[in-house]
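In: Build me a structure from this.
(2 chains)
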There are 2 protein chains.
Amino acid sequence: MSEVRRDIVTDTWVIIDTENETLPQAEHGQHAKQDDCPFCTGNENRTPNEIYAVRHGSLPDKPGWDIRVVPNINPILRVEGELEKSGVGVYDMVSGVGANEVIIESPEHTPHFFELPTEQIELVIDTYRARIDDLHKDKRLRYILIFKNHGRAAGASTIDHPHSDLIALPATPVRVKQKLNGAREYYGYKERCLFCDIIEQEIEMADRLIFQSTMFAVFAPYASRFPFEMLIIPKRHQFTFKAIEKTEISDLATVLAKTTKVMYDVLKDPSFNLILCDSPNLLPKSNYWKTIKDDFHWHIEIIPRMYRTTGFELGTSFFINRYAPERAAGILRKNL
Amino acid sequence: MSEVRRDIVTDTWVIIDTENETLPQAEHGQHAKQDDCPFCTGNENRTPNEIYAVRHGSLPDKPGWDIRVVPNINPILRVEGELEKSGVGVYDMVSGVGANEVIIESPEHTPHFFELPTEQIELVIDTYRARIDDLHKDKRLRYILIFKNHGRAAGASTIDHPHSDLIALPATPVRVKQKLNGAREYYGYKERCLFCDIIEQEIEMADRLIFQSTMFAVFAPYASRFPFEMLIIPKRHQFTFKAIEKTEISDLATVLAKTTKVMYDVLKDPSFNLILCDSPNLLPKSNYWKTIKDDFHWHIEIIPRMYRTTGFELGTSFFINRYAPERAAGILRKNL
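Out: Numbering: from 1, shown residues only, chains lettered A, B, ... in the order given. The predicted model follows:
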């Protein structure tokens, strides 16, 4: 039998097979060998000029850095130009204004994120914070999405060097709006943050809880769209990632390493996506401005990509998940 | 430069790279060899008992058929049981009631849909009609989705025999609701069918038109989510697929063969999904009942799967399409 579960945050549905016990298989050979990597230290001249870096006195675009942020060499959106709306008969479009950056997470070619030293992961997290803070100054950019694509099946490019992608958009995306609306609606009748209530319930029920640290909870979401999907969420209520504190960065670094390591061990190096779900860049007159501080709560989604979506997902926007989150959480807990 | 295009039907956005000229590459080796296929004639005892078949006097579950419809051997939803709603703390779920069938499109193991004789494709289309008509009698089933997954990257199973999947759902899916709402809203202020207006504009503008037959238009949608996405739509206004007429079935069979053949030729046998986008199974008290006959218009989406979605699509529900639909339509037209 299966269950059709509602994701209370986005008001979408997932069909979950609660019986299947067969582990999904990772595709192998997903890492491209790279003899001459443009992200490795020494090859700084092979990327566009850096936008931001963590350096200790060295010159821009030269060796001697811990983190570099550069424009994507083949950007899908560009910062230059006005945000123009136009019509084509019945259709509408806006010009592709935005930003498309790459966060190079280490000068060394370390293929797995969890192999980075914890202090290095802390610098990565602080760079996420700094880039969001900086890009929020440009009010044309309504949403900053930071994400990682690891492995071919997660849509990664052939560059295996640890990095994250950043895309700044001229509109708040559908999925973020769904979350904002779900959170606001819940707050409207409960006067409590939906995410805070979810954290409390997951810790109490414990069947989907993977682990918790002092400041974060990690669990398999009730309506997981994909097998072994994980959610990392700060226990402290905070609507915006830019407000993350030094002690939280340090705790999150350990949590991220532990989460990606256990996924690597259990699923044997799967392709995965990591997504930072933050609130939008609010204008003072925005609809969300009044309530968002109370009702939204930033979080990180980690999604192993062992399943290919079919015509069903494309036709419905529903998902089918053949591996129950309770079962996934149990296996991950045992392998911590 | 890129354009951020709004899909007027679903009110979602797609970022389209209008400059790139590099054709996406199909993944090879996607067809599994099958020596002992459960869908081939002679192996009827290897499937569950048939629900429907096109036969000429032969016995059920024996050879002598043109089309067979059988339950999926590993169904995600089952017809038995009551539709029960329940809560788990803050969460909601409904029991997995529905149907999950396989339409076996030929007794022979023909790997490509377009290689089937036109009369056989007509039988396939008529079987779609007959199954929707029959399943609509069960009012627990709110939406019948018929789709094809061809090739591994489109989520196909290892069975290479031509077949379609059918999933009957206990709720109208999000994407269908988005389309119904978009169509209704447009009708509300124009008093014209949105899809009829789109067909007229696409035929007139011609830059995204791939071809037209007497009764159907085939074009690359303005806000195509994927490179070489195609839309097949009847020129006659009709909200429900069950009302398709004999002459339309025959025209559509030729159109489907032509469309899948040109895609095969240009993209070198890509994986693809085909999705029949029909209206829901309406209850007399449904919200949609009054207006749907005027404002909805069934259609078929064909989506080559040469691109892997990344953390961007998962995080935003936006799509990035690196190949402009005008360019795709031009190449397809030349190769007809």
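In: Okay, strands next: where are they in the stretch 151-300 of chain A?
Out: Along the stretch 151-300 of chain A, the segments classed as strands by DSSP state E, counting those that start in this stretch run A:163-169, A:209-212, A:216-219, A:230-234, A:272-277, A:299-304.
In: could you dump the ones you listed to JSON lines with mean pLDDT, mean neighbour count and distance to A:Gly188?
Out: For every residue, glycine as well, the C-beta is placed using N, CA and C. Below are the strands of the stretch 151-300 of chain A laid out as JSON lines (pLDDT from 0 to 100; neighbours: other CB atoms under 10 Å in any protein chain shown; distance: least, CB to CB, whole Å):
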{"stretch": "strand A:163-169", "mean pLDDT": "95", "mean neighbour count": "24", "distance to A:Gly188": "27"}
{"stretch": "strand A:209-212", "mean pLDDT": "98", "mean neighbour count": "19", "distance to A:Gly188": "28"}
{"stretch": "strand A:216-219", "mean pLDDT": "98", "mean neighbour count": "24", "distance to A:Gly188": "24"}
{"stretch": "strand A:230-234", "mean pLDDT": "98", "mean neighbour count": "24", "distance to A:Gly188": "21"}
{"stretch": "strand A:272-277", "mean pLDDT": "97", "mean neighbour count": "24", "distance to A:Gly188": "21"}
{"stretch": "strand A:299-304", "mean pLDDT": "97", "mean neighbour count": "23", "distance to A:Gly188": "20"}
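In: which one of those strands lies closest to B:Glu229?
Out: strand A:163-169 (21.4 Å; CB to CB).
In: re the thing from before, for B:Leu267, which of the strands of the stretch 151-300 of chain A is the nearest?
Out: When the strands of the stretch 151-300 of chain A are compared by CB to CB, strand A:272-277 sits nearest B:Leu267, at 25.5 Å.
In: Okay, angle between the closest one and strand A:230-234 too, please.
Out: Interaxial angle, strand A:272-277 versus strand A:230-234 (axes from the mean of the first three to the mean of the last three CA atoms, to 10 degrees): 30 degrees.
In: Looks like A:Ser106 contacts A:Pro162 (just checking).
Out: Yes - using CB atoms under 8 Å, A:Ser106 is in contact with A:Pro162, at 5.4 Å.
In: what do the two both touch?
Out: A:Leu116 (CB atoms under 8 Å, 6 or more residues apart in numbering or on different chains).
In: in chain A, what residue sits furthest out from the centroid?
Out: Most distant from the centre of chain A: A:Gly89, at 36.4 Å, with distances by CA atoms, centre = their mean.
In: Tell me how far it lies from chain B.
Out: 4 Å (CB to the nearest CB, to the nearest Å).
In: What distance do you get for A:Lys246 to A:Asp134?
Out: 19 Å (CB to CB, to the nearest Å).
In: Comparing these two, which residue is more hemmed in?
Out: A:Asp134 (14 against 9; other CB atoms under 10 Å in any protein chain shown).
In: State the phi and psi torsions of that one.
Out: When read as degrees, to the nearest 10, the backbone of A:Asp134 gives phi -70, psi -50.
In: how many neighbours does the residue nearest to it when sequence neighbours are not counted have?
Out: Using CB to CB, 6 or more residues apart in numbering or on different chains and skipping the chain neighbours, the partner closest in space to A:Asp134 is A:Tyr52 (7.3 Å). Per other CB under 10 Å, the neighbour tally for A:Tyr52 reads 16.
In: got a list of what A:Tyr52 touches?
Out: The contact partners of A:Tyr52, by CB under 8 Å, 6+ apart, come to A:67-69, A:127, A:130-131, A:134.
In: Could you rerun that using 10 Å?
Out: Residues in contact with A:Tyr52 (CB atoms under 10 Å, 6 or more residues apart in numbering or on different chains) are A:60, A:67-70, A:101, A:103, A:127, A:130-131, A:134.
In: Adding pLDDT and secondary structure, write those residues out as JSON lines.
Out: Shown next, in JSON lines, are these (pLDDT from 0 to 100; DSSP: H, G, I helix; E, B strand; the rest coil):
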{"residue": "A:Pro60", "pLDDT": "97", "secondary structure": "coil"}
{"residue": "A:Ile67", "pLDDT": "98", "secondary structure": "strand"}
{"residue": "A:Arg68", "pLDDT": "98", "secondary structure": "strand"}
{"residue": "A:Val69", "pLDDT": "98", "secondary structure": "strand"}
{"residue": "A:Val70", "pLDDT": "97", "secondary structure": "strand"}
{"residue": "A:Glu101", "pLDDT": "97", "secondary structure": "strand"}
{"residue": "A:Ile103", "pLDDT": "98", "secondary structure": "strand"}
{"residue": "A:Thr127", "pLDDT": "98", "secondary structure": "helix"}
{"residue": "A:Ala130", "pLDDT": "98", "secondary structure": "helix"}
{"residue": "A:Arg131", "pLDDT": "98", "secondary structure": "helix"}
{"residue": "A:Asp134", "pLDDT": "97", "secondary structure": "helix"}
